[in-house]
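> sequence and predicted model, in that order:
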Amino acid sequence: MKKYFFITILITIVTNAQDSTNFDPYQFFPVNVGNRWEYTRAGPDVTYTVIRDSTDMNDSSRVIFYDAWTTYNPIPRRYPLYRMDKNYNVFYDPLHDNSHIYKLDAIVNEWWRETTRTAAKVLGISQAYVFGKLTTIKTIGFYRLAPGDTVINENSILDYWDKLAYGFGLISRENGATQPMLLRGCRINGITYGTVDLKEETQILPSEFVLYQNYPNPFNPSTTISFSLPNYSQVIVKVFDILGREIQEIVNDSFNPGKHSVKFNANNLTSGVYFYRFSSNKTTKTMKMILQK
């Protein structure tokens, strides 16, 4: 099994287990395009940057593509690293292992099969400060099953455990023996936490306009639409239904260069396919999004 995505940061636990059912489970795995994580460990440093994603219209799953590099091999490797479906399941390396690494809405003691010989279980949910921000932490243990077993039991061996932080994603992987990797810093939805290599970060800024796929997608009832601008521009963003009728003008304003995000709330709309159209100067682009209630 090829999972080498190890990270940890110093956190301060402030409360005991807390139910997370009032949260958006996708926020335990924030993978918007442009998000970036940098880690240190005993071996080479590792950096991951989300470069694009795509939506499978057959099952509405998202395939997440990353730039991944280490200090030993600074040439990025671009590949689909995760697949995330509409039921909050996250699968690692969809072209090869396709292991069921996370169930983002799982509660304490809930478990699932990761592969034919391994399983995962939520060990605890608590609150902690991450980069000075109070958030919810979900700890997930990964077990090797004994030969012949199909469930986690006293014969199962706990290999390692991950901690997912709401709004940050994976913040640690530990096994109690070897030195874990450390999250030096990250950039989530345009906000930088900790220390991020600014020289590397500037490499992902676009030299031209970019309109990103809305996130989450499918969504219910709200979603975020993001775009990047190479220069100061007047921006108009409108939503249309499948018949081409205008539903709402979300934005009509001027923006500085850089990446920006706007929220769209579909409380009053029915499930179905909608389109959001971006217009700026001489640029117009339209993308599809799916509302599922």
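Received the coordinates, thanks.

> my read: residue 52 touches residue 34, true?
No: between residue 52 and residue 34 no contact is recorded; they are 9.9 Å apart, counting by CB atoms under 8 Å. Glycine gets a C-beta too; all of them are placed from N, C-alpha and C.

> pick out whichever of those two has more residues nearby.
More crowded of residue 52 and residue 34, by other CB atoms under 10 Å: residue 34, with 22 against 16.

> my guess is that one meets residue 191, correct?
No: Residue 34 is beyond contact range of residue 191, at 11.0 Å (criterion: CB under 8 Å).

> pLDDT weak spots in the stretch 151-293 of the chain?
198-207 (pLDDT under 70).

> all the strands of it, residue numbers only.
157-165, 169-174, 182-188, 191-194, 210-211, 222-229, 233-241, 246-255, 258-265, 272-280, 283-291 (DSSP state E, counting those that start in this stretch).

> mind putting those strands in TSV, mean neighbour count and distance to residue 43 included?
Formatted as TSV, these follow (neighbours: other CB atoms under 10 Å; distance: least, CB to CB, whole Å):
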stretch	mean neighbour count	distance to residue 43
strand 157-165	19	16
strand 169-174	21	13
strand 182-188	21	12
strand 191-194	15	20
strand 210-211	18	33
strand 222-229	20	33
strand 233-241	16	43
strand 246-255	14	41
strand 258-265	16	31
strand 272-280	18	42
strand 283-291	16	39
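
> will you turn these into JSON lines that also has distance to residue 46?
JSON lines is the format used below for the strands of the stretch 151-293 of the chain (distance: least, CB to CB, whole Å):
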{"stretch": "strand 157-165", "distance to residue 46": "15"}
{"stretch": "strand 169-174", "distance to residue 46": "11"}
{"stretch": "strand 182-188", "distance to residue 46": "10"}
{"stretch": "strand 191-194", "distance to residue 46": "14"}
{"stretch": "strand 210-211", "distance to residue 46": "25"}
{"stretch": "strand 222-229", "distance to residue 46": "25"}
{"stretch": "strand 233-241", "distance to residue 46": "35"}
{"stretch": "strand 246-255", "distance to residue 46": "33"}
{"stretch": "strand 258-265", "distance to residue 46": "23"}
{"stretch": "strand 272-280", "distance to residue 46": "33"}
{"stretch": "strand 283-291", "distance to residue 46": "31"}
